[in-house]
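J.: Predicted model and sequence below, questions to follow.
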Amino acid sequence: EHLNYTNLPPLLFCFVFIVNFDHFQILRAIGKGSFGKVCIVQKRDTEKMYAMKYMNKQQCIERDEVRNVFRELEILQEIEHVFLVNLWYSFQDEEDMFMVVDLLLGGDLRYHLQQNVQFTEETVKLYICEMASALDYLRSQRIIHRVFLWKCHVLDGERATALAGTKPYMAPEIFHSFLNGGSGYSFEVDWWSLGVIAYELLRGWRPYDIHSNSPVESLVQLFSTVSVQYTTAWSKDMVALLRKLLTVNPEHRFSSLANIQTSSYLSNVDWDEICEKKVEPGFIPNKGRLHCDPTFELEEMILESRPLHKKKKRLAKNKSRDNSKDSSQSVSLPSQWPKDPNTTLMQPSMKLSFTPLHYSIGSPRFPTIFESHTDVAP
């Protein structure tokens, strides 16, 4: 459980929240994104394990991602749900910024699909319920997940118009809006993505043959001419639910928890038991192994020019090279970025002045924001 530190004396408050890189032992790398990585860490005082996501500050600046990083921190600070990954600490040093979140050792669903795991309808039903519960909570916070998307994107008004994300999971109206300057899109896009994920878990491939380099024009044409194929091996109720999630017209699509609760396929679901994690999952990852690609650790040890496990020695060497020059000042930091490299960027009890309007959150390769009943992150 998250602790309430608001009533602690000021001196104790300061003592509790001075957290930095030295408080964690680096165990191994488990993931990589376009300019960030994720590793397993153990907090030295409590011996509790977490996932630590870290991004190079210079690359954030070069890619104009600083504002997006801080928006993500704001969002993660505000949300808490049984099926969401929780943020525990965030801080920075001269080179990187860090976010310490819950560790899910079961691996993500993409990994298990690649390992040829066959998911049954009952297992997929549980995942649908858990993800639907999380999406419903995000909607209550005025947040659009918008599919495995690293960027945090502020939306104008009631609808978004940007094209960003992983194309195979993106709803048709996103492409229409981008191409034709349409009226944009809203929360319905997340429920399309849920349908794509459920279909892929059951069949092993996605309902449409879409790739990251597929032209937007061809995708608009694809959705208007190609129908999703459903196998006769699936139950009629499951197919009916998938049809409602994969409806091209968002006005006719299931797009809320209340909608899918009317589905015959989910008529026997006890939603209280789902949220209390009392439903026995049909698939439990082997706890005796680490469910991630081992090449991430090899790349970190062999190919990485600035490996994380050598950071302390590297920073000490840089400081001794020129004690009169703070290495954090060698980079022209934007005004949003704290100048002190030891600044804690986010503290669990310090709620920012933040109104959760319309944001999009997610990640292409890092563990996603969803947590499943069995610590498998879809």
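T.: Done, it's in. Everything numeric in this text was worked out from a predicted model, so none of it was measured.

J.: Now the residue nearest to Leu257 when sequence neighbours are not counted: phi and psi?
T.: Nearest residue to Leu257 in three dimensions, chain neighbours excluded: Asp136, at 3.7 Å (C-beta to C-beta, 6 or more residues apart in numbering). Placement of C-beta: from N, CA and C, glycine included. The phi and psi values for Asp136, taken as degrees, to the nearest 10, are phi -60, psi -40.

J.: Helices of this structure, residue ranges please.
T.: 10-17, 57-62, 66-78, 109-114, 121-140, 172-180, 188-203, 216-225, 236-245, 257-260, 271-275, 295-298, 311-321 (DSSP state H).

J.: Please work out which of the ones you listed is packed deepest.
T.: Mean neighbour count (mean count of other C-beta atoms under 10 Å) peaks for helix 188-203 among those, with a mean of 23.

J.: sorry, back to before: quick check, pLDDT for the residue nearest to Leu257.
T.: Asp136 is assigned a predicted lDDT (pLDDT) of 94.

J.: Likewise for Gly33?
T.: Reading off the model, Gly33 has pLDDT 67.

J.: wouldn't the residue nearest to Leu257 be in contact with Ile260 here?
T.: No. If you go by C-beta atoms under 8 Å, Asp136 and Ile260 don't touch, sitting 9.3 Å apart.

J.: just to revisit the earlier point, now render the helices of the chain as JSON lines, adding distance to Gln25.
T.: As requested, these are exported to JSON lines (distance: least, C-beta to C-beta, whole Å):
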{"stretch": "helix 10-17", "distance to Gln25": "20"}
{"stretch": "helix 57-62", "distance to Gln25": "22"}
{"stretch": "helix 66-78", "distance to Gln25": "23"}
{"stretch": "helix 109-114", "distance to Gln25": "24"}
{"stretch": "helix 121-140", "distance to Gln25": "31"}
{"stretch": "helix 172-180", "distance to Gln25": "42"}
{"stretch": "helix 188-203", "distance to Gln25": "34"}
{"stretch": "helix 216-225", "distance to Gln25": "45"}
{"stretch": "helix 236-245", "distance to Gln25": "43"}
{"stretch": "helix 257-260", "distance to Gln25": "40"}
{"stretch": "helix 271-275", "distance to Gln25": "34"}
{"stretch": "helix 295-298", "distance to Gln25": "15"}
{"stretch": "helix 311-321", "distance to Gln25": "11"}
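
J.: closest one to Trp88 among these?
T.: Nearest to Trp88, of all those, is helix 66-78, at 9.7 Å by C-beta to C-beta.

J.: Can you show me the CA trace of the closest one as CSV?
T.: The C-alpha coordinates for helix 66-78 follow below in CSV (Å, rounded to 0.1, in the frame of the first residue of the first chain):
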residue,chain,number,x,y,z
VAL,A,66,11.4,17.0,-21.8
ARG,A,67,7.8,18.4,-21.4
ASN,A,68,6.4,15.0,-22.3
VAL,A,69,8.5,13.2,-19.7
PHE,A,70,7.2,15.6,-17.0
ARG,A,71,3.7,15.2,-18.2
GLU,A,72,4.0,11.5,-17.8
LEU,A,73,5.3,12.0,-14.2
GLU,A,74,2.3,14.2,-13.5
ILE,A,75,-0.1,11.5,-14.7
LEU,A,76,1.6,8.7,-12.9
GLN,A,77,1.6,10.8,-9.7
GLU,A,78,-2.2,11.2,-10.0
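
J.: and that helix, what does it pack onto?
T.: strand 87-92, strand 96-101, strand 344-346 (3 or more C-beta pairs under 8 Å, 6 or more residues apart in numbering; DSSP states H and E).

J.: Can you tell me which of those is nearest to Ile61?
T.: With C-beta to C-beta, the closest approach to Ile61 among these belongs to strand 96-101: 11.0 Å.

J.: How much space separates Phe135 from Gly195?
T.: No, residue 135 isn't Phe; it's Leu. Distance from Leu135 to Gly195, counting by C-beta to C-beta, to the nearest Å: 12 Å.

J.: Sweet, I'm off.
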